[in-house]
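**Q** Sequence and predicted model, in that order:
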Amino acid sequence: MSTTSTPSKQTPSPKSARAVKSKKPIAPMQKRLLLTWLVWIAYRLLVLPIFISLFNPSNPDIIGGIAWHGLWLIPAFIITPSIVRGRSPYTLLVSSMLTLVYLGASGVVLFTRVYGSSWTEILVYGLDFALLLAINIWLFILLKRLPSMNKVEK
């Protein structure tokens, strides 16, 4: 009698069971990222200049603020298609680096406003910072869930 067993009756190894369990869905993270990204673009382009014009005692020009933020957002508009697709690890990695620059700039603006602005202005800039922080968190989680970029097989 033969004592060999068929592969279908073998129990899965713990390593392969962990690999199946660790697969987390990508689609919900892509949706969160896209929604947060679109909210941030609209907020930064339209809402922030309007609120700053309303809450700042010097009443800066709304149209000038929108134009300034539109220029400031050109790199964000360029990477928007990669954020919308949300599949390529390479472009998402570049997008992550760019949004980290935006996050740093937003943090500096928020920090400078703390020392001479009203609480409402600080809240306006704080919301911008919070949206950028959420975008960066979603990008990091999505990059971790996407397939490996080097595809090394043993």
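**A** Perfect, I can see it now. Residues are numbered from 1 along each chain as shown.
**Q** Any regions of this structure where pLDDT drops low?
**A** 1-22, 149, 151-154 (pLDDT under 70).
**Q** Let's see that with 90 instead.
**A** Filtered on pLDDT under 90, the chain yields the residue ranges 1-27, 56-59, 86-89, 115-118, 145-154.
**Q** Which residue ranges of it form helices?
**A** With DSSP state H, the ranges of helices along the chain come out as 14-22, 27-42, 48-55, 62-72, 74-85, 89-114, 119-145.
**Q** Output the ones you listed as JSON lines; include the columns mean neighbour count.
**A** Yep, even glycine has a C-beta here, placed from its N, CA and C like the rest. Converted to JSON lines, these look like this (neighbours: other CB atoms under 10 Å):
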{"stretch": "helix 14-22", "mean neighbour count": "9"}
{"stretch": "helix 27-42", "mean neighbour count": "16"}
{"stretch": "helix 48-55", "mean neighbour count": "17"}
{"stretch": "helix 62-72", "mean neighbour count": "14"}
{"stretch": "helix 74-85", "mean neighbour count": "14"}
{"stretch": "helix 89-114", "mean neighbour count": "15"}
{"stretch": "helix 119-145", "mean neighbour count": "17"}
